[in-house]
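Asker: predicted model and sequence follow; I will ask about them next.
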Amino acid sequence: MQPKIIPALALALCGIWAAGCATGPSDSEAERAVAEMIKTSFKTRGQATIARLNQDEAQALCSKHAGELPKDLSDGIEKAQQATIRYPGSGKLMGDWREGERIAQSGVGKQFTDAPTRPAGGSCYNCHQLSKQELSFGTIGPSLYQFGKQRGASEAMQKYTYGKIYNSEAFTACSNMPRFGHNGVLTEEQIPHLVALLLEPDSPVNK
Amino acid sequence: MADPMRIRASMAGDKVEVKVLMAHEMETGLRRDASGNAIPAHFIRNVSVAHGGKTVLSAQWGTSVSRNPFLHFRFKGGRPGEKVMITWLDNKGEKRTDEAVIAGG
Amino acid sequence: MRIDHVLAGVLVAMLPCLSPAQQDTLKEIERYRQLLQESNPAELYEARGEELWKTRRGPKNASLEQCDLGLGPGAVKAAYVQLPRYFADTDRVQDAESRLVTCMVTLQGFTPEEAKRNPFSGTGVPMITTDPFSGVGQRSVMTDLVAWIASQSRGMRVAPPMSHPKERLAYRAGEKLFYYRAGPYDFGCVTCHGEEGKRIRLQNLPKMTNAKDAQRAFGTWPAYRVSEGELRSMQWRMWECIRQMRFPELEFASDASIALIAYLAKQAEGGTFDAPAIKR
């Protein structure tokens, strides 16, 4: 038995009943429902605490304006995120690209099934192409193949690369890329290895 | 007692075509649990198919066959309405027999 | 069989890497998918589910045959594709799995905790596993039931009702949750499911705001997941996504899980329901 057709009258009144439809819930009603669900539908497990669902300013703005962020807000986010970038105390921004490849390959980190003491990976290949040899790469982010070959490894470029990994939203508000440094996922020991992976001429990324 | 097999037997030209889905863990013995202990091996060792009192297929399986195995084969000499009997025996000595009637014509 | 299933999955996932000339591999893979469906172990879960529906269980020693999945007590055909929906007896919007919880409580006398225990099947001893409630050789009554209930909607059009105010509220809330960015990875569902033609590693990602993608995605869960050796439901799919988003644990059959499923079901409206399917 096939499902009944939704009453045509209701649809005609609402169009495809979107926001602003007279018979749909108001935006604030929906917001209230979500706030309640955030509180009651989730529970702390392992290292993934309920507190993780508290949004910071960038997360809240990016959620609210998904896909249509006004320029003044995006500029504001980028400025605020830029201010969070912390460079390593050692001053050394390039590490070992071999270690970088290991970090880029690892998708472990911060899940409640991950041991909290185990170092997180960068999950880089989940979203990006990096070395030519690795065929199993994602396309959520742009290809980074030949990243360093195209840009060189000047101090300025190292700083940019480090900063981008530390906090991608300093450069692109509401970027899909996690703010690895700012959110405490990758350490100041790990990020330089990724910088090396991207910029070193000997790295497989640039061969 | 293991779950029944899902068996489909029908004529395909002059042969009987049999498709059987077996419910079985097929644990290799190589996996480890969260504490690091090996999960004991539990897998089908033998499969035999009988029709008209004769064995029409005999198989020796091991740990490379995956969980809930699916077996698909054809044999000659069967007719619609006749029975096909399938038996599996695993490494723990558990066994299961199910039968199906050959359909079609 | 395991190798074949994995190969098919990898081949399909790698399609974007293949040259246009090799795209007629797609036709072959579709044909292979149909052959795979014959060997789909989901059938085993469906058979158990059908039995469990009729089996007397719980303190009230009753079956689920009077359970109302939205089309009246005991009406199972076409019920799954018209969920989630509003139920007057609980005054809330519910999906298939939360509705089963309701029926286990009201008809069979289980407590809500008992009904929600072990919702995701797990076999063998506890492992480093994604199953919150797996136990030694422990089956999941819930998984078996939802497999059978879903199978009774196979081939039908996805048509979640949207006329009751609470149904609309659930949809809007689910939509907002879809865009909700949080946690140490700043992920929201939209991060992976908001753009067309993307993939994570070699796994193609459906864009959930694209009707065709959403129809295909929603229409193929529940599914037997070969890599897990288990049948997985929509509640599981939500739970597993949320885990990988680095969020805290999404509670089984919770309001947020139902809202998300309501949103996705509406996005998939009009699609053909093709589940229980088989996946990598």
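Answerer: That came through, no problem. Quantities reported herein were computed from a predicted structural model and do not represent experimental measurements.
Asker: in chain A, where is pLDDT below threshold?
Answerer: Chain A contains residues with pLDDT under 70 at A:1-22.
Asker: sec struct for C:P160, please.
Answerer: Taking DSSP: H, G, I helix; E, B strand; the rest coil as the rule, one finds C:P160 in the coil state.
Asker: and chain C, what are its domain boundaries?
Answerer: Domain segmentation of chain C under automatic domain parsing yields C:1-39, C:40-279.
Asker: among the ones you listed, which is nearest A:G107?
Answerer: With CB to CB, the closest approach to A:G107 among these belongs to domain C:40-279: 8.4 Å. For every residue, glycine as well, the C-beta is placed using N, CA and C.
Asker: straight-line length of that closest one, end to end?
Answerer: 9 Å (CA to CA, to the nearest Å).
Asker: ok now that domain, how far from the chain's centre?
Answerer: 4 Å (CA atoms, centre = their mean, to the nearest Å).
Asker: now swap in stretch B:41-50 and tell me
Answerer: 7 Å.
Asker: so for that stretch, mean pLDDT?
Answerer: Stretch B:41-50 shows a mean pLDDT of 97.
Asker: CA atoms of that stretch as PDB?
Answerer: Output of stretch B:41-50 as PDB, limited to C-alpha atoms (Å, rounded to 0.1, in the frame of the first residue of the first chain):
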ATOM      1  CA  ALA B  41      38.300 -19.500  16.300                       C
ATOM      2  CA  HIS B  42      34.800 -20.600  15.400                       C
ATOM      3  CA  PHE B  43      34.300 -21.500  11.700                       C
ATOM      4  CA  ILE B  44      32.700 -24.000   9.400                       C
ATOM      5  CA  ARG B  45      35.000 -26.800   8.500                       C
ATOM      6  CA  ASN B  46      32.800 -28.900   6.200                       C
ATOM      7  CA  VAL B  47      29.800 -28.400   4.000                       C
ATOM      8  CA  SER B  48      28.000 -31.200   2.300                       C
ATOM      9  CA  VAL B  49      25.000 -31.200   0.000                       C
ATOM     10  CA  ALA B  50      22.900 -34.300  -0.600                       C
END
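Asker: re earlier: would you mind finding the most buried of the domains of chain C?
Answerer: Comparing the domains of chain C by mean neighbour count (mean count of other CB atoms under 10 Å in any protein chain shown), domain C:40-279 comes out on top with a mean of 21.
Asker: quick one: closest of the domains of chain C to A:E188.
Answerer: Among the domains of chain C, the nearest to A:E188 by CB to CB is domain C:40-279 (16.2 Å).
Asker: number of residues surrounding the residue in chain A positioned nearest to chain C?
Answerer: Closest residue of chain A to chain C, CB to the nearest CB: A:S41 (3.4 Å). A:S41 is flanked by 24 other residues according to other CB atoms under 10 Å in any protein chain shown.
Asker: residue contacts, it?
Answerer: C:L250, C:E251, C:S254, C:D255, C:A256, C:S257 (CB atoms under 8 Å, 6 or more residues apart in numbering or on different chains).
Asker: where along the stretch 1-150 of chain C do the helices fall?
Answerer: For the stretch 1-150 of chain C, helices defined by DSSP state H, counting those that start in this stretch occupy the ranges C:2-13, C:25-38, C:42-54, C:96-106, C:112-116, C:141-151.
Asker: and the fifth one, what does it pack onto?
Answerer: To tie it back to what came earlier, the one meant is helix C:112-116. On a contact count with 3 or more CB pairs under 8 Å, 6 or more residues apart in numbering or on different chains; DSSP states H and E, helix C:112-116 meets helix C:96-106.
Asker: how close does the residue of chain A closest to chain C sit to A:P201?
Answerer: Computed with CB to CB, to the nearest Å, the distance linking A:S41 and A:P201 is 50 Å.
Asker: report pLDDT for the residue with the largest distance to the centre of chain B.
Answerer: For chain B, the C-alpha farthest from the mean C-alpha position belongs to B:S35; by CA atoms, centre = their mean, that distance is 32.6 Å. For B:S35, the pLDDT comes out at 73.
Asker: tell me the secondary structure at it.
Answerer: coil.
Asker: would you map the strands across chain C?
Answerer: Along chain C, the stretches classed as strands by DSSP state E are C:85-87, C:92-94, C:199-200, C:203-204, C:223-225, C:230-232, C:249-250, C:277-279.
Asker: now A:G181. Nearest residue, chain neighbours left out?
Answerer: A:Y166 (3.1 Å; CB to CB, 6 or more residues apart in numbering or on different chains).
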